[in-house]
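S.K.: Pasted the sequence and its predicted model underneath.
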Amino acid sequence: MSTDSSLFIGLMSGTSLDGVDGILAEFSTDGTVRQTLASAYIPFPDDLRTELMALQSPGPDEIHREALAANALVTYYAECVADLLQQAQVGADRVAAIGVHGQTIRHRPEHAYTRQINNPALLAELTGIDVIADLRSRDIAAGGQGAPLVPAFHRALFGSRDENRVVVNIGGIANISVLPHNSAAAVIGFDTGPGNVLMDAWIAQHNGQPYDANGDWARTGKVDAGLLKTLRDEAFFAAPPPKSTGRDLFHPAWLAQKLADFPNLASADVQTTLAVFTATTLADAIKLHAPQTQAVYVCGGGAYNHYLLTLLHYALKLHQADIKVESTAALGVAPNQVEALAFAWLAQRFTVREPGNLPSVTGARGLRILGALYPA
Ligand SMILES: Nc1ncnc2c1ncn2[C@@H]1O[C@H](COP(=O)(O)OP(=O)(O)OP(=O)(O)O)[C@@H](O)[C@H]1O
Ligand SMILES: CC(=O)N[C@H]1[C@@H]2OC[C@@H](O2)[C@@H](O)[C@@H]1O[C@H](C)C(=O)O
């Protein structure tokens with residue numbers, strides 16, 4: 001490794017609540033990714049998943065339960081770090097910092113707060129590595145949404161001089177980054193609504209599976225136009241960016257309420273409609289805010305749902321016949337590694353005291369250095 005580069009770890013556990021994705025990568029001082037040395041995924045055990053799900057809404061003794069869940073969470077983060085170091089045969093002393101997102105349990109930018117449960121002090125203690133945490137609060141303090149943060153990284157990693165690109169992340173929630181080929185043009189980005197969160201909840205409720213692998217169940221049903229319209233009528237979709245959302249709005253009880261008017265729908269038809277809902281809300285956002293898009297690159301777990309990608313491609317082709325839809329693997333980064341790499345990048349930005357946000361995305365008053373340091 002040369003003197004103008006350093007190793008960083010990124011840890012992301014997102015709204016799907018399934019586990020933690022980690023990456024160990026080498027960055028140049030200017031933030032360029034030189035190479036990825038290792039990636040790892042540690043699933044959460046069922047009891048932690050259940051508690052993280054319960055903490056998404058108000059409940060008894062929350063402060064105590066949140067603290068215990070944070071301690072438990074960090075043991076899996078530390079396991080992920082150990083796995084990365086072991087795979088790459090790298091000592092903790094060679095890693096400059098860990099960028100750790102934590103687990104979102106509330107996201108209420110309209111009330112000027114967002115909460116990711118975490119115990120970064122414990123992570124520094126367990127790993128012996130500097131930890132950079134709390135990466136959203138400063139943007140919110142500056143009047144921003146605090147999310148999505150990945151567009152700045154998407155621009156750095158995936159921006160092109162030749163092609164108008166959109167990067168789509170389909171996690172629990174979905175978001176887009178609009179990357180015009182003209183680098184002087186502002187990058188915009190925002191959450192478009194549910195990604196997998198409602199499809200995951202529905203298949204878990206009906207078939208006991210954590211997600212609809214490959215979209216195979218959704219593929220068997222029919223779209224219900226009435227339900228689709230009811231879902232799309234939610235005010236969030238018509239609101240202009242900057243905007244962000246989460247499980248605060250799109251939770252199983254929200255879906256149950258919308259379904260109340262459709263008591264006779266077959267469960268597979270609901271799953272199909274939810275897949276079309278995700279695909280069309282993404283496509284609408286791209287058509288309205290990035291009509292010149294030539295290529296769409298998809299990351300996040302939803303990139304592995306072929307049925308969903310087919311629906312997205314179909315919805316976009318109605319607008320522009322020759323639009324490309326591919327996964328970010330076509331640009332050299334596996335779809336399930338992009339978010340963790342973004343948090344490694346944010347840790348690198350903090351370390352060189354460079355901003356991590358994009359005011360054109362979050363609506364913050366200006367560029368801000370994101371995060372707080374817990375020294376090793
Ligand atoms: N093979 C697959 N087929 C279909 N869906 C899949 C597949 N693999 C992963 N997924 C979906 O991707 C989800 C996990 O995606 P990801 O890890 O990107 O979410 P996250 O990071 O938790 O969410 P967010 O980006 O909202 O924070 C799973 O819950 C599942 O719905
Ligand atoms: C508050 C919060 O955790 N938001 C997540 C969530 O998951 C996807 C979408 O909603 C995005 O806004 C964000 O995550 C990514 C990493 C981001 O900030 O860009």
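M.R.: Received, thanks. Numbering: from 1, shown residues only. Ligands and ions are numbered 1, 2, ... in the order given.
S.K.: so what's the backbone phi/psi at the residue with the largest distance to the centre of the chain?
M.R.: The centre of the chain is farthest from one residue, Asn264, which by C-alpha atoms, centre = their mean lies 33.7 Å away. Dihedral pair for Asn264: phi -100, psi 10, per degrees, to the nearest 10.
S.K.: so who does the closest residue to ligand 1 within the stretch 101-250 of the chain touch?
M.R.: Nearest residue of the stretch 101-250 of the chain to ligand 1 (C-beta to the nearest ligand atom) works out as Gly171 at 1.9 Å. The way it works is simple: take the backbone N, C-alpha and C, and place the C-beta from them, glycine included. By C-beta atoms under 8 Å, 6 or more residues apart in numbering, the contact set of Gly171 is Gly14, Thr15, Ser16, Gly195, Asn196, Gly300, Gly301, Gly302, Glu339.
S.K.: Now intersect the residues you listed with the strands, please.
M.R.: Residues of these located in strands (DSSP state E): none.
S.K.: check the residues you listed against ligand 2, which are close?
M.R.: Among the contacts of Gly171, the ones lying near ligand 2 by C-beta under 6 Å from any ligand atom are Gly14, Thr15, Glu339.
S.K.: now, which of the residues you listed sits nearest ligand 1?
M.R.: Closest approach to ligand 1 among these (C-beta to the nearest ligand atom): Gly14, at 2.2 Å.
S.K.: who touches the closest one in this structure?
M.R.: Contacts of Gly14 by C-beta under 8 Å, 6+ apart are His101, Thr104, Gly171, Gly172, Glu339.
S.K.: List the neighbouring strands of the helix or strand the second one falls within plus their orientation.
M.R.: Assignment of secondary structure by DSSP states H and E places Thr104 within strand 103-108. For strand 103-108, the paired strands and their directions (DSSP bridges) read strand 113-117 (antiparallel).
S.K.: With ligand 1 in mind, check whether the strand it pairs with reaches it.
M.R.: No - in terms of C-beta under 6 Å from any ligand atom, no part of strand 113-117 sits within range of ligand 1; the closest distance is 10.6 Å.
S.K.: The closest residue to the residue of the stretch 101-250 of the chain closest to ligand 1 other than its chain neighbours: how many residues sit nearby?
M.R.: Counting by C-beta to C-beta, 6 or more residues apart in numbering, Gly300 is the residue found nearest to Gly171 once chain neighbours are left out, at 4.3 Å. By other C-beta atoms under 10 Å, 27 other residues sit near Gly300.
S.K.: what are the phi and psi values for Gly300?
M.R.: phi 90, psi 170.
S.K.: Arg138 too?
M.R.: Torsion angles, degrees, to the nearest 10, at Arg138: phi -70, psi -40.
S.K.: That one and Leu367 touch, don't they?
M.R.: No - the criterion here is C-beta atoms under 8 Å, and Arg138 misses it with Leu367 at 10.5 Å.
S.K.: what do these two both touch?
M.R.: Contacts common to Arg138 and Leu367, judged by C-beta under 8 Å, 6+ apart, are Asn357.
S.K.: Is the strand holding Thr104 positioned near ligand 2?
M.R.: Yes - contact of strand 103-108 with ligand 2 (C-beta under 6 Å from any ligand atom) involves Thr104, His107.
S.K.: if you average pLDDT over that strand, what comes out?
M.R.: Average pLDDT, strand 103-108: 98.
S.K.: again with stretch 129-136
M.R.: 98.
S.K.: one step back: give me the buried positions along the strand holding Thr104.
M.R.: Judged by neighbour count (16 or more other C-beta atoms under 10 Å), strand 103-108 contains these buried residues: Gln103, Thr104, Ile105, Arg106, His107.
S.K.: same deal with stretch 351-364?
M.R.: In stretch 351-364, counting by 16+ other C-beta under 10 Å, buried: Thr351, Pro355, Gly356, Asn357, Leu358, Pro359, Ser360, Val361, Thr362, Gly363, Ala364.
S.K.: Could you dump the buried residues of strand 103-108 into JSON lines and include distance to Asn207?
M.R.: Putting those into JSON lines (distance: C-beta to C-beta, whole Å) gives the following:
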{"residue": "Gln103", "distance to Asn207": "26"}
{"residue": "Thr104", "distance to Asn207": "26"}
{"residue": "Ile105", "distance to Asn207": "27"}
{"residue": "Arg106", "distance to Asn207": "29"}
{"residue": "His107", "distance to Asn207": "29"}
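S.K.: about what we covered before: if I pick the residue nearest to Gly171, what's in contact with it?
M.R.: Val168, Asn169, Ile170, Gly171, Ala174, Gly195, Pro335, Asn336, Val338, Glu339.
S.K.: can you put these in CSV and add pLDDT?
M.R.: Shown next, in CSV, are these (pLDDT from 0 to 100):
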residue, pLDDT
Val168, 98
Asn169, 98
Ile170, 98
Gly171, 98
Ala174, 98
Gly195, 98
Pro335, 98
Asn336, 97
Val338, 98
Glu339, 98
